Every structure is written in C-alpha cells, then in structure tokens.
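Participant: what's the 3D shape of this:
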Amino acid sequence: LLLLLPLVLGITGENFLTYGEFFPRAYLEATGAKSLLPYSGGPGFSYPLFFGVLSVLFSFGKGLLFYTPGLLTAFCRGIFSSKREGRFLLVGGLYLTGLILVFSRWWCWTGESFWGPRFYLFASLWAPVGLTALWPTLSQQFRRLFFWLGASALSIWVGLQGVLYGLDFLEDCFQQGQAVDFMCFYVPEYSPLWRVFIVWPTPQGRKVAYLCFFFLVFVAVLGRPAAQAGRLAFAWLCQEAKRLLRLQEWKL
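Facilitator: Residues are numbered from 1 along each chain as shown. Purely as a prediction, here's the structure:
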C-alpha cells in the first residue's frame, strides 16, 4: 500500500508540470467533435467501457491484437511460469490491463491521428517478451509454432509499415477534422496496416534500404521456424493422406 503514495504523487506532479494544475480539467473535461459514432462528442471519460475495450482490442486501425499480436501468448499454458520472463509478463499484464480499462472510457481512446494505439505503447514491450517466453516450447506443440510464426510475421509487418509509410495515404480520414476520422479506426481499407494494398505505393530513396533491412529481419527471424513448420505440415499431410486413403485396402 505504501507504493500507492509515490504513485499518486508522481501522477499529480506530472499533471502539474504539464497542465499547471494537479487535476487537469482541460484533460478530464475535454470533448471531441460529434460524428456518426453514437458516443462521440462526450466529455472526459464518458465512452462506454464495453465498446471501448472492443475497439482498443479489435479495431482495424487501432486494435492491439493487430499491432501487438504477441499479446495472445497470455492465453498459452505455462507462459507466466517461465523462469526469466514469467514475473515481468504477470506484473506487466496487470499493468497493461489497467491501461486498457482506464483509457477505453476516454472519448479519445484512439489517440487520434497517431500511428497505432499510442496509449498502450507498453504492449510493444510485453508482446515480444511473451513471444520470447513461448519460443522454448515451439518444438513441443504444432499449433504453437504456427501461432508464433503468424504473430512474429505480423509484428514485423507492423514495424515495416510504421517506418515506411506511417500515416501516409490517410488524408481522407483527417481532412474534415473528426467528422470521418473513424474510417481510419474501423475500416480495414483505411487501416494504416493495410492501406498500402489499396494505393500500392512504390518505395523510393531511403525506403528501399528500409525495405531490404526488414526483408533480412523476416528471413533471420522466421527462416528456421518456417522451415520446421513446413516439415511438420508435410509430415502431417502425409500421415493424414495414408489414414484417409488406406492404400493397403485397395484391390485391383
């Protein structure tokens, strides 16, 4: 309980340095513009928690499960009992859950025109640690290996898109203020992660070097696990084919 005292002092002190008051009304009472979204334009922390949590986790443009898919390792058995990472994952998971529950109720839960879910940057630390803790068990379970490959590939894709394009090609969402900005939060075609498949930009200059770098990262990180997954998938297909076809029972 004594830890709560420096926590409160830190929060109120930071508020005073930033806003000039210990309980900033400019932050708590601020409102956004009214749009087609039914709960837009409300003050402070007035957004319904249920819809806020759904949006924070699953929205195409701001959802944590798209930007930090490694968070799903929280549902893998034994992930919190790992020797090196377990305590960080447990305590950090509680902290991240608190962030989600608090900011999901703020009218600006999206962080607006910013790359990804910026209020939950801690998730960018938690998710790769979760994938690291899952690594030693990949050879034991077929499904975990494929999940690890998918989550790691998507994580690298997020980094690639953030470095190459960021919020490029999303002017349609923000040129009218907050009236239609929800398109970049909910519509897949306007998500910063998938917009490149609509506009198909040609990388030029320094972006070519970034693209080459991330390609090498893809190969270095995913090469061996992908080869192992391919061998396991082929062996499984051969086994299932033998079981289904039962060639020994065929008669000419």
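Participant: Flag the shaky bits of this protein, pLDDT-wise.
Facilitator: Applying pLDDT under 70 to the chain flags the ranges 26, 140, 247-252.
Participant: Quick check: longest helix in it by residues?
Facilitator: In the chain, with assignment by DSSP state H, the single longest helix is helix 206-245.
Participant: elements contacting that helix?
Facilitator: helix 142-164 (3 or more Cβ pairs under 8 Å, 6 or more residues apart in numbering; DSSP states H and E). Using the backbone N, CA and C atoms, a C-beta is placed for each residue, glycine as well.
Participant: Direction-wise, compare the helix it packs on with helix 206-245 and give the angle.
Facilitator: 160 degrees (axes from the mean of the first three to the mean of the last three Cα atoms, to 10 degrees).
Participant: re the thing from before, what comes up buried for the longest helix of the chain?
Facilitator: Phe214, Phe218, Val221, Leu222, Pro225, Ala226, Ala229 (16 or more other Cβ atoms under 10 Å).
Participant: dump the residue contacts of the residue nearest to the third one when sequence neighbours are not counted.
Facilitator: Meaning Val221. Using Cβ to Cβ, 6 or more residues apart in numbering and skipping residues adjacent in sequence, the residue nearest Val221 is Ser152, 6.0 Å away. By Cβ atoms under 8 Å, 6 or more residues apart in numbering, Ser152 lies in contact with Gly70, Leu131, Val221, Leu222, Pro225.
Participant: let's see 10 Å
Facilitator: Contacts for Ser152 (Cβ atoms under 10 Å, 6 or more residues apart in numbering) come out as Pro69, Gly70, Ala127, Pro128, Leu131, Leu134, Trp135, Phe218, Val221, Leu222, Pro225, Ala226.
Participant: what's the answer for Arg144, then?
Facilitator: Thr73, Cys76, Arg77, Leu134, Trp135, Thr137, Leu138.
Participant: so what secondary structure elements neighbour the strand or helix carrying Leu90?
Facilitator: If you go by DSSP states H and E, Leu90 is part of helix 86-103. Applying 3 or more Cβ pairs under 10 Å, 6 or more residues apart in numbering; DSSP states H and E, one finds that helix 86-103 makes contact with helix 49-58, helix 123-134.
Participant: Can you say which of the ones you listed is nearest to Gln175?
Facilitator: Of all the helices and strands packed on helix 86-103, helix 49-58 sits nearest to Gln175, with 22.3 Å by Cβ to Cβ.
Participant: Which strands and helices lie in contact with that closest one?
Facilitator: Helix 49-58 packs on helix 64-67, helix 86-103, helix 183-186, going by 3+ Cβ pairs under 10 Å, 6+ apart.
Participant: if we go to 7 Å?
Facilitator: helix 64-67 (3 or more Cβ pairs under 7 Å, 6 or more residues apart in numbering; DSSP states H and E).
Participant: Tell me how far the closest residue to Pro136 other than its chain neighbours lies from Phe88.
Facilitator: The shortest distance from Pro136 to any non-neighbouring residue, by Cβ to Cβ, 6+ apart, is to Ser82 (7.8 Å). Note on Ser82: its distance to Phe88, by Cβ to Cβ, to the nearest Å, is 10 Å.
Participant: And Phe114, by the same measure?
Facilitator: The separation that Phe114 has from Phe88, given Cβ to Cβ, amounts to 26 Å.
Participant: try Gly150
Facilitator: For Gly150, the distance to Phe88 - Cβ to Cβ - is 23 Å.
Participant: Those two - which one has more neighbours?
Facilitator: Phe88 (16 against 13; other Cβ atoms under 10 Å).
Participant: How about the contacts made by that one?
Facilitator: By Cβ atoms under 7 Å, 6 or more residues apart in numbering, the contact list for Phe88 reads Val129.
Participant: same check, this time on Leu222
Facilitator: Taking Cβ under 7 Å, 6+ apart as the test, what Leu222 contacts is Leu149, Ser152, Ala153.
Participant: so which of those comes closest to Pro192?
Facilitator: Ala153 (17.3 Å).
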